[in-house]
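**Student:** I would like to see how this sequence folds:
(chains A and B)
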Amino acid sequence: MTHFFRKTLLSASVSLAALIAAQAASAQEAVFVMATNEVGAPTYNPIKATMLNTATGLIFDRLVSQAADLSYHPWLAESWEEAPDGMSWTFHLKQGVTFHNGEPFNAEAVKAWLELFKAAEGENAYMAEAIASVEVVDDHTVKFVMSRPEPNLLYNLSATFMGVVEPKSFAALGDDFGVTEAYGTGPFKLESFTIGQETVLVRNDDYTWGPAVAANHGPAKVERLTFREIPEDSTAFLELKTGGVDFLLSVPADLTAEVQKEANLAILTMPGQDVWYMPINVTKAPFDDIRVREAAAKAINQEEILASVFGGVGAVADTFLISALPESHVSDGAKIHYDPDRSNALLDEAGWAMGPDGVRMKDGQPLKVTLWTQSDSIFRRLTEVVQAQLKAVGIEAEITTFDSSMIRDQYKTGEQQLAVRSYNWDNADIVDWFFGGDRLGYPNVSMFNDPKAEELRAAAMTGSKNMDERVANFTAYHEYVLTQFPMAPIYQPVQAYAYNKDRIALPEKIDASAFGASAFLDLEVKQ
Amino acid sequence: MIAPVRALQRPQGGLAGLWLALVIAAALLAPILSPYAFDAQDLPNAYRPASAAHWLGTDEFGRDLLTRLVWGARTSLSVAATAIAISVFCGMVLGAAAAWFGGWLDRAVTVVVDLTWSFPEILIALILVAIIGPGTLGTMIAISVAYLAQFTRLTRAQILTLKGETFIEAARSLGASNGHILFRHLLPNALAPVLVSAMLATGDAIILEATLGFFGLGAQPPVPSWGGMMSAGSALVFKAPWIIIYPGLAVAITVVAINLYGDALIAALDIRQKLRRSP
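**Tutor:** Now for the predicted structure:
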């Protein structure tokens, strides 16, 4: 009896000790909630994916990092030189860098990775298109031979899509790369990934090659990161409030006040990279008539939306680009502003006469269109306001709600007429991405394919010798696209993050254009 | 006196009946009763709590909540009732045919029905809405198919029991046709339990409709439905809790009322005793 009792006591104390140990370990962990517009990313394959989430940038390092002022700094590349004519670039790589699977990172690996990138010929191929070939100068020096000058090369190399993948496993794993396994040189390794639900990353203990913009160059201070995908902002907020998670990678404007009410929670804001807009499918009647498109675009009252839906936080959008970009400075005439008188006049001119029930009619047909949105509450709310604003000029829009992770596939059918969506990008080439004639359906939700636009697009994407030329060409392209009304700009938010102050210590300054690898290297979990 | 009226004379049946009558009247008279248009936005007056102008307050677009609740009753009740009516009709036809004719028809119907019976209604409804597409019509079809198995099985079981009764044998020996026996003798006798079950299923169907609406698959905005209103309110539960509370209460009270009335109806129809008497 005594023996039995003692044994039980012993095992109980052992399990208690184990429990305490487990708790100590959990202090080195943090749970993040993925930004709602990144929910449903199907793969961590930077070469093939058309959408990548924040965790991707922690698995794969890039050659170049970007600071908050949009200048470029070393990362996997220690330094670089551009030839005076822009026809070649030489990159000096860091030494002693290894991939997660033990393969060395060197000039050969960069050459093999870029060849894979070019061979994939996917949606992202344009980023490396100007690189004609890669020459291995020595073990840690590569030379990119260019087919044309590419002023945007450093931006592309700093983008998550150009995260350096380990070429051997990439070739061996095929489509499983990024889903079951993924190997980069990043500060965290992929441990598990359940699509649409959860990603677990563990620290790369060998990491010492962090980007120049981070204070800590590695290894990271947190051992284990869990990224949960919660499509509903208010659910994510509740999780944060009750301590289920430590950090939300996106907080909509209407919830920031609720976060600030909580003593243990804090908000971090960074310059926004999002634009909310209403794509207009230019191939679907009645929107094949540019007058109807302009009327719909100018029926959107951006100021009212900013004030009522987003609580006045952020700014209205009147072009397709965030206003921090120089290419957003188009002529005033091309900017799209609320103008109900113009909308009504245009619809009258196009033959749509106001009917008795407030819906315009033409040849006995009502002006009835579909308006697609995604299931997050903020999208649904904004869409209902857009619906009422369209109704005010006599356009009856029927809302159809799709699951946020499914809607991209729906766009590919090309059946949409109007939609409400947002994108996140801080380079003018997003105009090419969403309005390029070879990407109809998705990303080109507007199904916009215009010969003049394609000409300007080619000049902007491939015809610029230096940055000034690129800005001028993109401004012209952007301006022309705006005058064709394939979309109506609505809103640009600031990027807000929410976190638990008792759990997370943030660095004083995050010198990066987004909350990415450098912020995660400096981030600490409080004991 | 007919059974539905007798059910009202029981205390819980009377209370439930009163509430149901109120909701049905509100749904029918929504266009006359509501002082506002259900889609009239008034953004400066969004998130207002109850006041003299808006008895239940306003929602996130400044729309009158009472108006939307009344119109929501119209959506929820009409979708649920229509769906169950379709389901009862199809279920009775299928169940009666299977039980009466037997053989391969019975086996085929039973296999298909048992297959759908093995899944929860919500799953079947979700799959169907995904195929048909969101909206009122899609929800209606999805709900009616989801409950089809229940009525088919019930009718089939009733007919199988009645089929062996002496009065059926008598009718047959007198030379009555299949149709005559089915429609004059069997179905009327099987009707009572099916109707009670339909009554109770309508309560479930309202919940199912609200669930689909909550997922954004039901009636599409700006048409209000109780589920859709709760879904919008769930994101605003800290800011304006009344947006989710009133439609939630409406669903809860209505479903409880339907169940109470259904219970009273069972008692009034004397079904349990009837079932006990049959072998």
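
**Student:** Alongside chain B, which residues does the stretch 201-350 of chain A contribute?
**Tutor:** Proximity of the stretch 201-350 of chain A to chain B, by C-beta under 8 Å from any C-beta of the partner chain, involves residues A:Glu232, A:Asp233, A:Ser234, A:Asp254, A:Glu258, A:Glu304, A:Ala307, A:Ser308. Heads up, the C-betas are built off the backbone N, CA and C, glycines and all.

**Student:** elements contacting the strand or helix carrying the fifth one?
**Tutor:** Under DSSP states H and E, the secondary-structure element containing A:Glu258 is helix A:253-261. In this structure, helix A:253-261 makes packing contacts with helix A:233-241, strand A:265-270, strand A:495-500, judged by 3 or more C-beta pairs under 8 Å, 6 or more residues apart in numbering or on different chains; DSSP states H and E.

**Student:** Tell me which of those sits most buried.
**Tutor:** strand A:495-500 (a mean of 22; mean count of other C-beta atoms under 10 Å in any protein chain shown).

**Student:** CA-only coordinates of that one in PDB, if you can.
**Tutor:** The C-alpha coordinates for strand A:495-500 follow below in PDB (Å, rounded to 0.1, in the frame of the first residue of the first chain):
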ATOM      1  CA  GLN A 495      -1.700  48.900 -41.800                       C
ATOM      2  CA  ALA A 496      -2.600  48.200 -38.300                       C
ATOM      3  CA  TYR A 497      -1.400  45.300 -36.100                       C
ATOM      4  CA  ALA A 498      -2.700  44.400 -32.700                       C
ATOM      5  CA  TYR A 499      -0.700  42.500 -30.000                       C
ATOM      6  CA  ASN A 500      -0.700  41.500 -26.400                       C
END
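
**Student:** distance between that strand and the chain's centre?
**Tutor:** 16 Å (C-alpha atoms, centre = their mean, to the nearest Å).

**Student:** Following element in sequence after it, please.
**Tutor:** Following strand A:495-500 in sequence, per DSSP H and E, is strand A:504-505.

**Student:** List the strands paired with that following strand, with their directions.
**Tutor:** Partners of strand A:504-505 in the sheet, by DSSP bridges, are strand A:524-525 (antiparallel).

**Student:** Drop anything exposed from the residues of the stretch 201-350 of chain A next to chain B.
**Tutor:** Among those, those buried by neighbour count (16 or more other C-beta atoms under 10 Å in any protein chain shown) are A:Glu232, A:Asp233, A:Ser234, A:Asp254, A:Glu258, A:Glu304, A:Ser308.

**Student:** I'd like these written out as TSV, with pLDDT added.
**Tutor:** Converted to TSV, these look like this (pLDDT from 0 to 100):
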residue	pLDDT
A:Glu232	84
A:Asp233	86
A:Ser234	84
A:Asp254	77
A:Glu258	85
A:Glu304	94
A:Ser308	88
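
**Student:** farthest pair in those?
**Tutor:** Of all pairs drawn from these, the one with the longest distance (C-beta to C-beta) is A:Glu232 and A:Glu304, at 24.8 Å.

**Student:** Quick check: B:Ile181 touching B:Ser173?
**Tutor:** No. Between B:Ile181 and B:Ser173 there is no contact under C-beta atoms under 8 Å: 11.2 Å.

**Student:** Looking at these two, which is more packed in?
**Tutor:** B:Ile181 (18 against 8; other C-beta atoms under 10 Å in any protein chain shown).

**Student:** hmm, back to that, between the helices and strands packed on helix A:253-261, which gets nearest to B:Ala219?
**Tutor:** helix A:233-241 (21.6 Å).

**Student:** on contacts alone, who are the packing partners of the closest one?
**Tutor:** strand A:29-33, strand A:247-248, helix A:253-261, helix A:377-392, strand A:495-500.

**Student:** Low-confidence ranges, the stretch 101-250 of chain A, go.
**Tutor:** Applying pLDDT under 70 to the stretch 101-250 of chain A picks out no residues at all.

**Student:** For it, which segments count as strands?
**Tutor:** A:131-138, A:141-146, A:188-194, A:198-203, A:224-228, A:247-248 (DSSP state E, counting those that start in this stretch).

**Student:** okay if I get the ones you listed as TSV plus mean neighbour count?
**Tutor:** Output for these, formatted as TSV (neighbours: other C-beta atoms under 10 Å in any protein chain shown):
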stretch	mean neighbour count
strand A:131-138	15
strand A:141-146	19
strand A:188-194	18
strand A:198-203	20
strand A:224-228	21
strand A:247-248	24
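
**Student:** Next, format the ones you listed as CSV and append distance to A:Ala334.
**Tutor:** Below are the strands of the stretch 101-250 of chain A laid out as CSV (distance: least, C-beta to C-beta, whole Å):
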stretch, distance to A:Ala334
strand A:131-138, 33
strand A:141-146, 32
strand A:188-194, 43
strand A:198-203, 41
strand A:224-228, 39
strand A:247-248, 36
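
**Student:** circling back to that earlier point, max pairwise distance over the residues of the stretch 201-350 of chain A next to chain B: which two?
**Tutor:** For those, and using C-beta to C-beta, no pair is farther apart than A:Glu232 and A:Glu304, which are 24.8 Å apart.

**Student:** From chain A, how far out is B:Ala190?
**Tutor:** 41 Å (C-beta to the nearest C-beta, to the nearest Å).

**Student:** Leaving out the residues flanking it, which one is nearest to that residue?
**Tutor:** Spatially, and ignoring its direct neighbours in sequence, B:Ala190 is nearest to B:Gln158 (3.6 Å; C-beta to C-beta, 6 or more residues apart in numbering or on different chains).

**Student:** Enumerate the positions of the one helix or strand the one you found maps to that are buried.
**Tutor:** Secondary structure from DSSP H and E places B:Gln158 in helix B:136-163. Across helix B:136-163, burial judged by 16+ other C-beta under 10 Å covers B:136, B:138-156, B:158-160, B:162.

**Student:** and that helix, how far from the chain's centre?
**Tutor:** 12 Å.

**Student:** try stretch B:192-205
**Tutor:** Counting by C-alpha atoms, centre = their mean, stretch B:192-205 comes out at 7 Å from the chain centroid.

**Student:** ok, residues contacting that stretch?
**Tutor:** B:3, B:79-81, B:83-85, B:87-88, B:91-92, B:121, B:143, B:147, B:150-151, B:154-155, B:158, B:254-255, B:258-259, B:261-262, B:265-266, B:269, B:271, B:274-275 (C-beta atoms under 8 Å, 6 or more residues apart in numbering or on different chains).

**Student:** now stretch A:515-522
**Tutor:** Counting by C-beta under 8 Å, 6+ apart, A:54, A:57-58, A:61, A:65, A:160, A:186-188, A:210-211, A:213-218, A:220-222, A:225, A:249, A:268, A:270, A:495, A:497, A:506-507, A:510-512 sit against stretch A:515-522.
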